[in-house]
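Visitor: Below are the sequence and a predicted model for it; my questions follow.
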Amino acid sequence: MDSINPSAKSGAKPAIDKRIEQAARIKARLYEAGYKLSDIDRDFKLPPGTARDALRAPNLKGERAIASALGTRPELLWRDRYHASGRRKSPQDHSRPPTMAQRRKVTGALT
């Protein structure tokens, strides 16, 4: 077991890795559909950066806009933010996963 990934020995992925993978999957679906995050902000008349922020932390308007652009419902994209019934969980986990630069800094310090 290591200090960065306490569940490494068990083979389970930490929650942060799952959230990063989830954001990457959603971003890939947007790319395949021909959208950029800035397109969603503009098309749905959201403040700049709202869709980007919704990938990293709960943001109702951003989640709805992304889901609409993909032709699905937010609870199907963010299962950790919604109950199975589609009702939004409360309170939300507003902690953000580390950025790529932060992850590189940690992995660089380990080598």
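Guide: Structure received.

Visitor: Please report the number of neighbouring residues for the closest residue in space to D53 that isn't next to it in sequence.
Guide: The shortest distance from D53 to any residue other than its chain neighbours is 5.2 Å, reached at N59 (Cβ to Cβ, 6 or more residues apart in numbering). Using the backbone N, CA and C atoms, a C-beta is placed for each residue, glycine as well. N59 has 21 neighbours, counted by other Cβ atoms under 10 Å.

Visitor: Can you read off the pLDDT for N59?
Guide: On pLDDT, N59 comes in at 91.

Visitor: ok, now how distant is it from E32?
Guide: 22 Å (Cβ to Cβ, to the nearest Å).

Visitor: how about the helices in this structure?
Guide: Ranges of helices in the chain, per DSSP state H, are 15-32, 37-43, 50-56, 60-70, 74-77, 100-110.

Visitor: so for the fifth one, what's the average pLDDT?
Guide: So that's helix 74-77. If you average the pLDDT values across helix 74-77, you get 93.

Visitor: Can I get that helix in PDB? Just the C-alpha atoms.
Guide: C-alpha atoms of helix 74-77 as PDB (Å, rounded to 0.1, in the frame of the first residue of the first chain):
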ATOM      1  CA  PRO A  74     -27.700  14.200 -16.000                       C
ATOM      2  CA  GLU A  75     -28.300  11.300 -13.600                       C
ATOM      3  CA  LEU A  76     -27.000   8.900 -16.300                       C
ATOM      4  CA  LEU A  77     -23.800  10.800 -16.700                       C
END
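
Visitor: what about stretch 35-43, average pLDDT?
Guide: The pLDDT scores in stretch 35-43 average 95.

Visitor: isn't the residue nearest to D53 right up against P47?
Guide: No. Here N59 does not reach P47: they are 10.3 Å apart, not a contact under Cβ atoms under 8 Å.

Visitor: Just name the most buried of the helices of the chain.
Guide: Counting by mean count of other Cβ atoms under 10 Å, helix 50-56 has the highest mean neighbour count of the helices of the chain, with a mean of 21.
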